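In: Next one to model:
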Amino acid sequence: MLYIIATPIGNLSDISLRALETLKQVDFILAEDTRQTKKLLNHYDIKTPLESYHQHSKLTKTEKIIKLLKDGKNLALVTDAGTPGISDPGGKLISQIVGANCHSPIIPIPGPSALTAAASISGLPTDSFTFLGFLPTKKGRETLFKEISASTRTVIFYESTHRVLKTLASLKQYCPTRQVVVCRELTKKFESVYRGTPEQVLTQIQKDKTKGEFVVLVEADKR
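Out: Coordinates of the predicted model:
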């Protein structure tokens with residue numbers, strides 16, 4: 001079996017009992033960054049062997065993983081933080097395993113996700129929303145902001161510390177009166193939540209000189 005296991009996005013106490021039990025019992029853990037996952041495993045005294053799987057892994061690594069499953073091994077897939085497959089290279093592996101007709105059950109072990117954590121505290125409508133993952137760095141970026149400004153649903157996406165100010169400046173240009181919520185470093189020591197128009201939030205973040213990983217939520221067009 002292949003278990004898709006959500007791991008903490010910051011606070012190590014957020015991992016579920018089922019996730020810990022499964023990580024202890026599988027034959028191998030497939031990790032986006034074995035060094036990062038090792039910190040979690042050491043914290044909970046888990047000795048399960050690690051195998052790397054990340055966005056640069058070659059086809060031979062996927063073939064090795066499929067062979068392990070066909071040989072009857074139980075595997076767990078984890079990302080650096082959060083739920084594998086959500087804006088994460090694990091999605092590619094799952095697709096390849098399904099496409100290979102491996103017939104091994106793929107079982108979700110749900111838990112932390114920056115997407116749902118941010119949505120839950122946003123105060124914006126989330127009965128229906130659009131998730132964009134990480135925005136493109138160059139090509140198609142301005143077209144995407146036009147689509148965000150015209151969206152009739154709440155829009156949610158991830159942004160890095162290097163581009164968040166540029167992104168807020170674009171939101172200020174394309175949807176200046178819309179409410180935005182920006183969540184930074186969720187569940188971590190310096191967790192911050194900013195609310196207001198793009199200009200207001202941009203001013204706050206510039207003032208605080210904040211860095212980290214961000215989740216951005218944009219109010220829907222109500223016209």
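
In: switch to C-alpha atoms for all contacts and neighbour counts from now on
Out: OK.

In: Would you mind giving the domain segments of the chain?
Out: For the chain, automatic domain parsing gives the domain ranges 2-109, 114-218.

In: Kindly present those domains as a markdown table, with separate columns for mean pLDDT and mean neighbour count.
Out: Below are the domains of the chain laid out as a markdown table (pLDDT from 0 to 100; neighbours: other C-alpha atoms under 10 Å):
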| stretch | mean pLDDT | mean neighbour count |
| --- | --- | --- |
| domain 2-109 | 92 | 17 |
| domain 114-218 | 94 | 17 |
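
In: part of a strand, is Phe157?
Out: Yes - looking at Phe157 with DSSP: H, G, I helix; E, B strand; the rest coil, it is inside a strand.

In: That one touches Gly133, doesn't it?
Out: Yes - in this structure, Phe157 is within contact of Gly133 by C-alpha atoms under 8 Å, at 4.9 Å.

In: okay but Asp88 is in contact with Thr79, surely?
Out: Yes - using C-alpha under 8 Å, Asp88 makes contact with Thr79 at a distance of 7.4 Å.

In: beta partners for Leu50?
Out: Ile29 (DSSP bridges).

In: any idea how far Lys38 is from it?
Out: If you measure Leu50 against Lys38 using C-alpha to C-alpha, to the nearest Å, the figure is 8 Å.

In: try Lys209
Out: Relative to Lys38, and taking C-alpha to C-alpha, Lys209 is found at 31 Å.

In: go on, Phe129?
Out: Distance from Phe129 to Lys38, by C-alpha to C-alpha: 34 Å.

In: Contacts for stretch 137-144 next, please.
Out: Leu135, Ser170 (C-alpha atoms under 8 Å, 6 or more residues apart in numbering).

In: do stretch 186-195 as well
Out: 9-11, 114, 117-118, 179-185, 201, 204-205.

In: one more time with 6 Å, if that's ok
Out: Gly10, Asn11, Val180, Val181, Val182, Cys183, Arg184, Glu185, Val201 (C-alpha atoms under 6 Å, 6 or more residues apart in numbering).

In: wait, doesn't the fourth one sit right on Leu217?
Out: Yes - checked against C-alpha atoms under 6 Å, the pair Val181 and Leu217 is within contact range at 5.1 Å.

In: which residue ranges form the helices in this structure?
Out: Assigned by DSSP state H, the chain shows helices spanning 17-25, 34-43, 59-70, 90-99, 114-122, 141-150, 164-174, 198-208.

In: Among these, which comes closest to Leu2?
Out: helix 59-70 (7.5 Å; C-alpha to C-alpha).

In: For that closest one, name the packing helices and strands.
Out: Contacting helix 59-70 under the criterion 3 or more C-alpha pairs under 6 Å, 6 or more residues apart in numbering; DSSP states H and E is no other helix or strand.
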